[in-house]
Every structure is written in C-alpha cells, then in structure tokens.
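[1] Provide a 3D model corresponding to the input given below.
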Amino acid sequence: MMQDACGSAPIPEAGQSPRCALQAVHATPRSVESYDQFCRIALSLFRFIGAAYATGASDCWEAAYRYADEAPDIADSPLLVARAAALVRILRSGRPCELCFMPPSCRRLSQDEAELMRLLAVARRKQPGELEAIMCQFVPSGAEAAATRAVNALALC
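    Below is the predicted model of the structure:
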C-alpha cells in the first residue's frame, strides 16, 4: 500500500486489496461532497486556518473571514471563524505532529480532515455521549474535554 499525501487514507497498489474491512473503509477515497453544506464550510475554514498556521501569512486569515462572510446561511461569520480556529488550536496542542490540511479547493480529504469532519458530524447529530466516545481517538490525552466543548460550539454556530 502507498500512503497518500499528508497521511490521508492508504491507496492500494495495482492488484492489491485491503487486508480487512476497517482498512477498506479507510482506503475508500473521501470526498467533501459526502458532507452537508455547513460541514463543507467548516472544512474550508479549517483549511484556511491550517494554511495560516503553516505559512504565517495573514492573507489566510483574511481569506477565512471573507469565505465565512460569503457563505450562505451563516448568521455570525466572525464567530464561526473564531470557533473553527479555537478547535484547530486545541487539536494542534500536544500532538506529536502537525494537523494535515489539503488546499481549500481540493475535493479530497486528508486523514486528519476526515476525522475532523467525523467529529463535527457527530456533534451535529447531538447524540448524548457519542462525541465523547470518539473524541479520545483523535485528541491527545487531557484535551478531550476542551476539544469536545470546541466541537460542540462550532456545531451549534
């Protein structure tokens, strides 16, 4: 198996098949089209914010705010950007490596982005205990409570 850029899901080489059902799920290309409009907006914001952290360019922050301002059905775009940034900041702390974000126009998801989208989708379903159960798989120990609050705040924005 080859590893896609930024640790996104493994891609089977020609003639190879995934070894188990879980690997098959992770080997399936993930696309932004499988998420609702709010999640796609949040993903774009994550990507702009990730680019800002990676490059230090203030243009990336401006792009995030401009994108949120132009997004349909967003009542408070500065709050949305702030909540997305808070979540990224919490997730970045204590990790052994940086979060991997694809460029804003990319239709595929990195593994980190797929996990973020999963967390956001679970938070939006509002099932008691479901988010907490999967949060520990993605965030460093000790950051679960803060990350859960941040995901829930973003999901309610």
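[2] May I see the buried residues of stretch 33-50?
    By 16 or more other C-beta atoms under 10 Å, the buried positions in stretch 33-50 come out as 35, 38-39, 41-50. (Each C-beta comes from the backbone N, C-alpha and C, glycine too.)
[3] got the residue ranges for the strands in the chain?
    Along the chain, counting by DSSP state E, strands occupy 2-3, 10-11.
[4] if you average pLDDT over the first one, what comes out?
    For strand 2-3, the mean pLDDT works out to 38.
[5] swap in the last one?
    Along strand 10-11, the predicted confidence averages to a pLDDT of 40.
[6] Can you get me a residue count around Arg66?
    Here the count is done by other C-beta atoms under 10 Å, and Arg66 has 14 residues near it.
[7] any low-confidence regions in the protein?
    1-29, 94 (pLDDT under 70).
[8] Tell me where it has helices.
    Here the chain has its helices, by DSSP state H, at 21-27, 37-55, 58-70, 77-92, 111-125, 130-135, 144-155.
[9] And the buried residues of stretch 33-50, which is closest to Leu156?
    Among the buried residues of stretch 33-50, Phe38 lies closest to Leu156 (C-beta to C-beta), at 10.6 Å.
[10] contacting residues around that closest one?
    Contact analysis of Phe38 by C-beta atoms under 8 Å, 6 or more residues apart in numbering lists Asp73, Arg124.
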